[in-house]
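In: following is a predicted model, sequence given first.
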Amino acid sequence: MSALISLVLGGIILALGIWLVAGVGASVMAIIGALIIAVGGALIGTAMALAFDKINPTSRKLGR
């Protein structure tokens, strides 16, 4: 469930960052938009990691 929440939230934040960069154009404010895009991408990456760990847990491979 947390993977799905991270994926949806990351997608929304990523879309908002792209919308912000498209709106402000090539200016200093675009740096803030790039940081927002990075946060959205990081959340999507976190969602993928959570989903893959849920499917095939690493702890079983370590002998725990």
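Out: Structure received. Numbering: from 1, shown residues only.
In: contacts, neighbours, all on C-alpha from now
Out: OK.
In: distance check, the residue positioned nearest the centre of the chain against residue 26.
Out: The centre of the chain sits closest to residue 43, judged by CA atoms, centre = their mean, with a distance of 2.3 Å. Applying CA to CA, to the nearest Å, the value for residue 43 to residue 26 is 25 Å.
In: residue 2 now?
Out: From residue 2 to residue 26 the distance is 35 Å (CA to CA).
In: also residue 41?
Out: Applying CA to CA to residue 41 and residue 26 gives a distance of 21 Å.
In: these two: who's more crowded?
Out: Each of residue 41 and residue 26 has its neighbours counted (other CA atoms under 10 Å); residue 41 has more, 17 against 10.
In: surely the more buried one meets residue 15?
Out: No - counting by CA atoms under 8 Å, residue 41 stays clear of residue 15, with 10.0 Å between them.
In: any idea how far the residue nearest to residue 43 when sequence neighbours are not counted lies from residue 24?
Out: Of all residues not flanking residue 43 in the chain, residue 10 sits nearest, at 4.8 Å (CA to CA, 6 or more residues apart in numbering). Separation of residue 10 from residue 24 (CA to CA) stands at 21 Å.
In: counting neighbours, go ahead and name the busier of these two.
Out: The residue with more neighbours, out of residue 10 and residue 24, is residue 10; 24 against 12, by other CA under 10 Å.
In: tell me which element the more buried one is part of?
Out: helix 2-24 (DSSP states H and E).
In: and for that helix, what's in contact with it?
Out: Where contact means CA atoms under 8 Å, 6 or more residues apart in numbering, the residues beyond helix 2-24 that reach it are 29-30, 33-44, 46-48, 50-51.
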